[in-house]
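Enquirer: Model the following, please.
(one chain, ligands or ions: 1)
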Amino acid sequence: MGNPLLREPALPFESEEITSDETNELIQSMWDTMEEYGGIGLAAPQIGVSKQLAVIRIEEDNERYPEAEEFEEIVIFNPKITLLDETLQGFWEGCLSVPGLRGVVFRPRKVQIDYLDESAKEKSIIAEDFLATVFQHELDHLFGKLFIDRIEDISTLSFEDELVSADEEKEL
Ligand code: NI
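Expert: Next up, the predicted model:
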């Protein structure tokens, strides 16, 4: 957070660029970065590349989001988002570009994403509930937005460590 690149709208890819070796390497370093920090999604601007590319993968029992349902990996280029159900749902969000902090963000509960996959083929996916939030969070990065911009009640902004100890207290 604070890096101007995170605040810029990212540029779309040309089809032939998507299948290039350079892009392939970029995708690999995004998976590596995401894994290193235990994230469930990452967008290219977060590693200093202002291009419309994001990856999402949710493994069971992820250390940062243990409650999240498993989701097979997806690589998304040049996404367009359509809201299918604008009913708002709130989740605790965090971000590898905003380390150590969490806040409650309300977002529409169902979205459709039209995008190009890693073979530059047109694809479409519908995401609901927490997964809809994950997609919207990652795609926000491609338009210069961070989750902290969308926190309605700023008093929810918390240090992860404090939330963990608040959780432990609840159980006592
Ligand atoms: Ni993020």
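Enquirer: Pull the number of nearby residues for residue 84.
Expert: 14 (other CB atoms under 10 Å). From N, CA and C alone the C-beta is placed, and that goes for glycine too.
Enquirer: do residue 103 as well
Expert: Neighbours around residue 103, by other CB under 10 Å: 22.
Enquirer: Distance check, it against residue 76.
Expert: Per CB to CB, to the nearest Å, residue 103 is found 24 Å from residue 76.
Enquirer: now do residue 37
Expert: Residue 37 is 19 Å from residue 76, by CB to CB.
Enquirer: neighbour count winner among those two?
Expert: residue 76 (24 against 13).
Enquirer: Name the nearest residue to the more buried one, ignoring sequence neighbours.
Expert: The spatially closest residue to residue 76, leaving aside those adjacent along the chain, is residue 115, at 4.4 Å (CB to CB, 6 or more residues apart in numbering).
Enquirer: so that neighbour is in which element?
Expert: strand 101-116 (DSSP states H and E).
Enquirer: now swap in residue 32 and tell me
Expert: Since the elements are taken from DSSP H and E, residue 32 ends up inside helix 21-37.
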